[in-house]
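S.K.: Below is the sequence, then the predicted model.
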Amino acid sequence: MRVVVPTELARERRAKMLPLDALQGKAVFVDGYNVLIAVESLLGGMPVYKGDDGFLRDTQGIFRSYKASEITVPALSEILDLIAAAVPSEVEILLDQQISMSGRLAGLIREMMGKRGIPGTARTVRDVDRQLKSAKGIIATGDGNVIDAVSCVVDIPGQIALKKYISSVVL
């Protein structure tokens, strides 16, 4: 068994990070709540940090108790506009089924994707992490467990922060 020290792990994760232009013509799978909550935090002025692995993350810890707010639609717009500009071949946004109102949120996302001409869907699933780990494409997440299990990742919240000139605390 190989023991990975944090700095080595951070280097391995950074090596998997792709720029947005790498999405062109590729299938993209999005860790829905992970990305959405981080972007909502970013746009709402809540604390976000950039880990030593280069990925932007929120500090809210509200995953299971997530509720849509007035920032949800603007955050989804930022996420989907960024994805649309990258011109992927297909996008699948996965939301955790066990979170209240996920089905309704998936419907809203599908509608917003359609208006932008983004091919793909948004759907609820029982185990998002497992689905992402076995997906054949580029994964959008900040979840370290998922990043460690896949070969290529894009940091959508980090890209939005760059685009909007929003700085984060570096840890």
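M.R.: That came through fine.

S.K.: Let me know the helix or strand that the most centrally placed residue in the chain is in.
M.R.: Nearest to the geometric centre of the chain sits Val35, at 3.2 Å (C-alpha atoms, centre = their mean). Take DSSP states H and E as the rule and Val35 turns out to sit in helix 32-43.

S.K.: hmm, back to that, so what's the residue nearest to the centre of the chain up against?
M.R.: For Val35, the contacting residues are Ile79, Ala140, Thr141, Gly142, Ile156, Pro157, by C-beta atoms under 8 Å, 6 or more residues apart in numbering. To be clear about C-beta, it is placed using only N, CA and C from the backbone, and glycine gets the same treatment.

S.K.: can you put those in JSON lines and add secondary structure and pLDDT?
M.R.: Listed next are the contacts of Val35 as JSON lines, based on DSSP: H, G, I helix; E, B strand; the rest coil; pLDDT from 0 to 100:
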{"residue": "Ile79", "secondary structure": "helix", "pLDDT": "98"}
{"residue": "Ala140", "secondary structure": "strand", "pLDDT": "98"}
{"residue": "Thr141", "secondary structure": "coil", "pLDDT": "97"}
{"residue": "Gly142", "secondary structure": "coil", "pLDDT": "95"}
{"residue": "Ile156", "secondary structure": "helix", "pLDDT": "98"}
{"residue": "Pro157", "secondary structure": "helix", "pLDDT": "96"}
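
S.K.: From the residues you listed, pick the one nearest Thr7.
M.R.: Sorting those by distance to Thr7 puts Gly142 at the head of the list, at 18.6 Å, by C-beta to C-beta.

S.K.: close enough to count as contact, the closest one and Asn34?
M.R.: Yes. Counting by C-beta atoms under 8 Å, Asn34 is a contact partner of Gly142 at 5.7 Å.

S.K.: before we move on, the earlier item: list the buried residues of the helix holding Val35.
M.R.: Buried residues in helix 32-43, counting neighbours by 16 or more other C-beta atoms under 10 Å, are found at Gly32, Tyr33, Asn34, Val35, Leu36, Ile37, Ala38, Val39, Glu40, Ser41, Leu42, Leu43.
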